[in-house]
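Student: Structure here, sequence nowhere to be found:
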């Protein structure tokens, strides 16, 4: 569970009108999740994770819902195992890192999107909306020195937005908006005991309507490539990741230029995060991340963010986080810095 208080600066011209679109200054529960793991046989594992209080607090969201089959037995030294169902996309490092273990409260913008989504502020949903997708994936076991994964997925993610509502089942039975599938894979190697290097790829096709009311869609290539590193030293760590790719212009966004609907744009970004342990109870954290999205280039240019914070371990299961987020826009700067105070516990 993650109980949080947020207070963001008010962008110029954005007033509190009682319509739930005012700048954030609130108490709320960011995540309230139940994760159930079962092992019905020596070869199978099932995982169900539900979020009863995510950003969309009007419904219970399914986060993880998958079955693993271990041909050589669960926990054995083996070449691989297979995972079926809704799971994290096996791309990079930070996507698969749980919010209960991640130092910074939210993932960098290029992965998860911009933080403040209000009028007159930059809005981007991230290259990996929801961080999850439905499919089948082969993964290395914990005994393997080379950490790798290779999967075939729908490609739309679990929170991809309206990429072509005319092609979705009205009953919500299917989330894939085209017949093509997406291949996602990663590999990570321990260069030394303290240094890990990785690379990832994502290749697929997205169905996009050229106009919001169009009766047909255009198939647009959707690709990503990334590289990551993690360095661990006594008393601290340094982690970094870079991703670039092609993503469609969507007809229902205000940042899409005229006549660009259903075509590709370039999106790239990176982050560096450093953690310094101050004894057994405290950590200092500094993260800098950058987003370059061609769709927002004319209005905002490059977006960059500092997340500066301190973590206090209250006990073995509970920690207190205090972070200040400094958002910068290369063009047309917006007043949108914010404070986050969060208590997180795992049980």
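Tutor: That came through fine. All values derive from a computational prediction rather than experimental measurement.
Student: Which stretches in the stretch 1-150 of the chain count as helices?
Tutor: For the stretch 1-150 of the chain, helices defined by DSSP state H, counting those that start in this stretch occupy the ranges 109-112.
Student: Any regions of it where pLDDT drops low?
Tutor: Residue ranges of the stretch 1-150 of the chain with pLDDT under 70: 19-24, 54-57.
Student: just the strands in it please.
Tutor: 2-8, 25-31, 33-38, 44-51, 61-69, 81-88, 132-139, 147-153 (DSSP state E, counting those that start in this stretch).
Student: can you put these in a markdown table and add mean neighbour count and distance to residue 204?
Tutor: All C-beta atoms are positioned from the backbone trio N, CA, C, and that covers glycine. Listed next are the strands of the stretch 1-150 of the chain as a markdown table, based on neighbours: other CB atoms under 10 Å; distance: least, CB to CB, whole Å:
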| stretch | mean neighbour count | distance to residue 204 |
| --- | --- | --- |
| strand 2-8 | 18 | 31 |
| strand 25-31 | 14 | 28 |
| strand 33-38 | 13 | 28 |
| strand 44-51 | 17 | 24 |
| strand 61-69 | 17 | 20 |
| strand 81-88 | 20 | 16 |
| strand 132-139 | 21 | 10 |
| strand 147-153 | 19 | 8 |
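Student: could I get those strands as TSV with distance to residue 271?
Tutor: Formatted as TSV, those follow (distance: least, CB to CB, whole Å):
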stretch	distance to residue 271
strand 2-8	20
strand 25-31	20
strand 33-38	24
strand 44-51	24
strand 61-69	23
strand 81-88	18
strand 132-139	20
strand 147-153	20
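Student: Which of those sits closest to residue 323?
Tutor: Proximity to residue 323 (CB to CB) singles out strand 2-8 among those, at 9.9 Å.
Student: That closest one pairs with which strands?
Tutor: According to DSSP bridges, strand 2-8 forms sheet pairs with strand 25-31 (antiparallel), strand 338-345 (antiparallel).
Student: which stretches of the stretch 201-347 of the chain form strands?
Tutor: Going by DSSP E, counting those that start in this stretch, the stretch 201-347 of the chain shows strands at 218-233, 236-248, 264-278, 282-293, 303-313, 318-329, 338-345.
Student: closest one to residue 189 among those strands?
Tutor: That would be strand 218-233 among the strands of the stretch 201-347 of the chain, by CB to CB, at 10.6 Å.
Student: okay, which residue is most central for the chain?
Tutor: Centroid-nearest residue in the chain, with CA atoms, centre = their mean: residue 112, separated by 3.9 Å.
Student: contacting residues around that one?
Tutor: Taking CB atoms under 8 Å, 6 or more residues apart in numbering, we find residue 112 in contact with 106, 126, 128, 129, 131.
Student: how near is it to residue 290?
Tutor: Computed as CB to CB, to the nearest Å, the residue 112 to residue 290 distance reads 14 Å.
Student: ok, back up a step: any idea which of the strands of the stretch 1-150 of the chain gets closest to residue 322?
Tutor: Shortest separation from residue 322 across the strands of the stretch 1-150 of the chain is recorded for strand 2-8, at 9.9 Å, computed as CB to CB.
Student: Pull the number of nearby residues for the closest residue in space to residue 119 that isn't next to it in sequence.
Tutor: Setting aside the residues directly before and after it, residue 119 is nearest to residue 14 in space (CB to CB, 6 or more residues apart in numbering), at 5.6 Å. By other CB atoms under 10 Å, the residues close to residue 14 number 18.
Student: What number of residues are in the vicinity of residue 291?
Tutor: For residue 291, the neighbour count with other CB under 10 Å is 25.
Student: er, residue 71 I mean
Tutor: There are 11 residues near residue 71, going by other CB under 10 Å.
Student: With residue 15 instead?
Tutor: Using other CB under 10 Å, residue 15 has 11 neighbouring residues.
Student: ok, now how distant is it from residue 223?
Tutor: On the measure of CB to CB, residue 15 and residue 223 end up 41 Å apart.
Student: Columns distance to residue 5 on top of the strands paired with strand 2-8, output as JSON lines?
Tutor: Putting the strands paired with strand 2-8 into JSON lines (distance: least, CB to CB, whole Å) gives the following:
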{"stretch": "strand 25-31", "distance to residue 5": "5"}
{"stretch": "strand 338-345", "distance to residue 5": "5"}
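Student: Out of those strands, flag the one nearest residue 217.
Tutor: Closest approach to residue 217 among those is made by strand 25-31 (33.6 Å; CB to CB).
Student: relative to strand 44-51, how tilted is that closest one?
Tutor: On the basis of axes from the mean of the first three to the mean of the last three CA atoms, to 10 degrees, strand 25-31 is oriented at 170 degrees to strand 44-51.
Student: how much space between the residue lying closest to residue 106 once chain neighbours are set aside and residue 318?
Tutor: Spatial nearest neighbour of residue 106, excluding adjacent residues (CB to CB, 6+ apart): residue 112 at 6.1 Å. Separation of residue 112 from residue 318 (CB to CB): 24 Å.
Student: Name the nearest residue to residue 87, sequence neighbours excluded.
Tutor: Using CB to CB, 6+ apart, the closest residue to residue 87 is residue 66 (4.8 Å).
Student: How about residue 8?
Tutor: Closest residue in space to residue 8, ignoring its immediate chain neighbours: residue 338 at 3.6 Å, by CB to CB, 6+ apart.
Student: List the beta-bridge partners for the residue lying closest to residue 61 once chain neighbours are set aside.
Tutor: Of all residues not flanking residue 61 in the chain, residue 51 sits nearest, at 4.5 Å (CB to CB, 6+ apart). Beta-bridge pairing of residue 51, defined through DSSP bridges, involves residue 33, residue 61.
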